[in-house]
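>>> need the 3D shape of this:
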Amino acid sequence: MSSEEGGRQRIVRVGGRRRAKLTPAPGTTGEPVPADDDAPDAATGPNDERMRRDKPPHY
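Numbers count the residues shown, from 1 in each chain. A predicted model of the protein is given here:
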């Protein structure tokens, strides 16, 4: 192994699964970050509330 590989993500095989997992990238965590849905500077319009209530036809 070279010294460059110390800061890279690693591939981890998970038993019984088809896909492998990646370790968190350097400088990050494996925790998800909450979305910015309630941003006060978000643009709003007259149909926003209706669009949030409506469901697409494929549901």
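>>> helix, strand, or coil at the residue sitting nearest the centre point of the chain?
Residue closest to the mean C-alpha point of the chain, counted by C-alpha atoms, centre = their mean, is Pro32 at 6.3 Å. Pro32 falls in the coil class when you classify it by DSSP: H, G, I helix; E, B strand; the rest coil.
>>> helices of the chain, start to end?
In the chain, helices defined by DSSP state H lie at 48-53, listed in chain order.
>>> backbone phi and psi for Arg13, please?
Backbone torsions of Arg13, given as degrees, to the nearest 10, read phi -80, psi 140.
>>> which non-adjacent residue is nearest it?
Ala20 (5.2 Å; C-beta to C-beta, 6 or more residues apart in numbering). Using the backbone N, CA and C atoms, a C-beta is placed for each residue, glycine as well.
>>> what segments of the chain are strands?
Assigned by DSSP state E, the chain shows strands spanning 11-12, 21-22.
>>> ok, which of the ones you listed comes nearest Pro57?
Closest approach to Pro57 among these (C-beta to C-beta): strand 21-22, 35.4 Å.
>>> name the residues that touch that closest one?
Gln9, Arg10, Ile11, Val12, Val14 (C-beta atoms under 8 Å, 6 or more residues apart in numbering).
>>> how much space between the residue nearest to the centre of the chain and Arg19?
Distance, Pro32 to Arg19, by C-beta to C-beta, to the nearest Å: 18 Å.
>>> can you pull out the low-pLDDT segments for this structure?
Counting by pLDDT under 70, the chain has low-confidence residues at 1-6, 35-43, 59.
>>> again, 50 this time
Residues of the chain meeting the criterion pLDDT under 50: 1-4.
>>> let me see the contact set for Gly7.
Taking C-beta under 8 Å, 6+ apart, we find Gly7 in contact with Pro26.
>>> again with the one 3 residues further on
For Arg10, the residues meeting the contact criterion (C-beta under 8 Å, 6+ apart) are Leu22, Thr23.
>>> rerun that using 6 Å as the cut-off
Contact analysis of Arg10 by C-beta atoms under 6 Å, 6 or more residues apart in numbering lists Thr23.
>>> so how far is Pro34 from it?
Distance from Arg10 to Pro34, by C-beta to C-beta: 27 Å.
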